[in-house]
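Trainee: Sequence plus the predicted model coming up.
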Amino acid sequence: MAITVTPMDAARPDFGALVEGVDIAAGVSAETAAEIEDAIDLYGVLVFRDQVLDDDQQYAFSQHFGEMETATGDIARLEDRRLPMTVNDISNLDQHGRVVSRDDRRRLFGLGNMLWHSDSSFKRVPSKFSLLSARVIPGEGGNTEFADMRAAWDALDPALQAECMDLICEHSQLYSRGKLGFDEFTEEERAKWAPVLQRLVRTHPRTGRKSLYLASHAGGIVGWPVPEARMFLLDLTEHATQRRFVYAHEWRQWDLVMWDNRVTMHRARRYDHTKARDMHRTTVACEEPTVADQAA
């Protein structure tokens, strides 16, 4: 069966689309994967409904799109992990499948996902695609919002575009979590998440479209005083997350949502923390860093 791709919102026909005619668990051909990549180049965010998957099936599908990341962005100790290192555990569950307490360190760190961000911008080689599978969802809340950073770039005036073009930002999870007052990191964690450099403006390698590359992880601009840099980044983030640039996804169980981190930001929304929310994410890495001459 050929796939069909339909915009999620007729008012935004180029951002967010529903993909039908795909059974990911059964496996997809290279040809179908190429059609899907063509679709995400246009829409930035793709939704696949009713995809009952296990982690191996999700990972196999993700591998069609490039080299895979390992889950080094969370704060759980290896011995406390519930899922393999091939899968990011975007849940509020402990290793025994129980909902964590309100003051659990893993939960408090995970609240950073409610800030606007791009996955793995805190890594020297950031992520290309994220694929998030909804295994268990709370009764209400817990939506995910996506902002179109291509449209946000296009809407900047030419003078501001010119100012942004060559800027290099410093990204770290220490910055994003620090915004929430979470700053009790071990020395090992501080070394693991030492700041990396990312360009503020990216050019998509296949479409040639430019986009802002923002995230809550961005805490500085090379050569700028810190307060001025953070104010500038806040202003850009406010601009980029206006409602006219945003698609809000209301999760159904077994949705798989795939997005391009090079052209989007996203954030989770609040939900009842006593209810289970079990989301599994596989992540495809970019081919290269946005800034070449920095230490690996």
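Mentor: That came through, no problem.

Trainee: residues in contact with the residue positioned nearest the centre of the chain?
Mentor: Closest to where the C-alpha atoms of the chain average out (CA atoms, centre = their mean) is Asp119, at 3.5 Å. Contacts for Asp119 were tallied using CB atoms under 8 Å, 6 or more residues apart in numbering; they are Gly73, Pro126, Ser127, Ser130, Asn261, His266, Arg281, Thr283. Using the backbone N, CA and C atoms, a C-beta is placed for each residue, glycine as well.

Trainee: With Asp235 instead?
Mentor: So Asp235 contacts nothing (CB under 8 Å, 6+ apart).

Trainee: Backbone dihedrals for it, please?
Mentor: Main-chain dihedrals, Asp235, degrees, to the nearest 10: phi -60, psi -40.

Trainee: re earlier: looking at the contacts of Asp119, which is nearest Ala218?
Mentor: The closest of the contacts of Asp119 to Ala218 turns out to be Pro126 (CB to CB; 11.7 Å).

Trainee: From Ala215, how far out is the closest one?
Mentor: Pro126 is 9 Å from Ala215, where distance means CB to CB, to the nearest Å.

Trainee: do Ala240 as well
Mentor: 11 Å.

Trainee: rewinding a little: wait, which of the contacts of Asp119 is closest to Met114?
Mentor: His266 (10.3 Å).

Trainee: Could you report the separation of Arg81 from Arg106?
Mentor: On the measure of CB to CB, Arg81 and Arg106 end up 10 Å apart.

Trainee: Find residues that contact each of the two.
Mentor: With contacts defined as CB under 8 Å, 6+ apart, no residue is adjacent to both Arg81 and Arg106.

Trainee: higher neighbour count, these two?
Mentor: Neighbour totals were compared for Arg81 and Arg106, and Arg106 leads with 18 against 14 (other CB atoms under 10 Å).

Trainee: what helix or strand is the more buried one on?
Mentor: Element membership for Arg106 (DSSP states H and E) is helix 105-110.

Trainee: packing partners for that helix?
Mentor: Contacting helix 105-110 under the criterion 3 or more CB pairs under 8 Å, 6 or more residues apart in numbering; DSSP states H and E is no other helix or strand.

Trainee: Partner strands of the helix or strand following that helix and their direction?
Mentor: Where DSSP H and E defines the elements, the next helix or strand beyond helix 105-110 is strand 127-136. If you go by DSSP bridges, strand 127-136 pairs up with strand 256-260 (antiparallel), strand 278-285 (antiparallel).

Trainee: neighbours around Arg243, how many?
Mentor: Count around Arg243 with other CB under 10 Å applied: 8.

Trainee: Could you tell me what pLDDT the model assigned to it?
Mentor: pLDDT recorded at Arg243 is 97.

Trainee: Provide the backbone phi and psi angles at it.
Mentor: With angles defined as degrees, to the nearest 10, Arg243 sits at phi -60, psi -30.

Trainee: same question, Pro158
Mentor: Note on Pro158: backbone dihedrals following degrees, to the nearest 10 are phi -60, psi -40.

Trainee: swap in Val246?
Mentor: Val246 adopts backbone torsions of phi -110, psi 140, taken as degrees, to the nearest 10.

Trainee: My guess is it contacts Phe146. True?
Mentor: Yes. Contact criterion CB atoms under 8 Å: Val246 and Phe146 qualify, at 6.7 Å.
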